[in-house]
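Undergrad: output the structure for:
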Amino acid sequence: MVIETQTSQKSLYETDFVQWVEVTAKQLRNQNYTAVDWANLIEEIEDMSRRERKALKSNLVVVLLHLLKWQFQTDQRSGSWRSSIREHRRRINDDLKDSPSLVPYLQEVFAECYTNACEQAADETGLPLTTFPEACPYTIEQTINSEFLPE
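TA: Have a look, this model is predicted:
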């Protein structure tokens, strides 16, 4: 019986993810642990962490990209850039508030995100990559500070 339930759960996971989530939540609420599709549940929980980290990196690259464009293309500054900086900073700060354990990860990936932002800034602006400092000219605190803009 347990094997049949786990097999049907696995099929449900593959055919209707939303229903699988709802059924799994109900099973957990009812403490029906033998019916839970543990393998897929564990995988989904691990994926949640990866998605959060990936989103943090993506938002950080966007902020750094627009800070670079703001600093090195002063004649192109726009409300759109400022709005993008504000929005992606808000996302980063919300993520850090909701999951303080992401702070060390942010510190770990900051230099990598800066490098990615420089490459993208060079592509988007047409400026040589060497235009941008090799090391990030902004601290992490400045990067996520809603009031900071480089001049």
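
Undergrad: what's the closest non-adjacent residue to Pro122?
TA: Slight slip there: residue 122 is Ala, not Pro. Nearest residue to Ala122 in three dimensions, chain neighbours excluded: Leu129, at 4.3 Å (C-beta to C-beta, 6 or more residues apart in numbering). C-beta coordinates here come from the backbone N, C-alpha and C atoms, glycine included.

Undergrad: surely the one you found touches Gln120?
TA: No. In this structure, Leu129 is not within contact of Gln120 by C-beta atoms under 8 Å, at 10.3 Å.

Undergrad: in terms of neighbours, single out the busier of those two.
TA: Legend: neighbour count by other C-beta atoms under 10 Å for Leu129 and Gln120, higher for Gln120 (16 against 12).

Undergrad: any idea how far the most centrally placed residue in the chain is from Gly126?
TA: Geometric centre of the chain, nearest residue: Ala55, 1.0 Å, by C-alpha atoms, centre = their mean. In this view, Ala55 and Gly126 are 29 Å apart by C-beta to C-beta, to the nearest Å.
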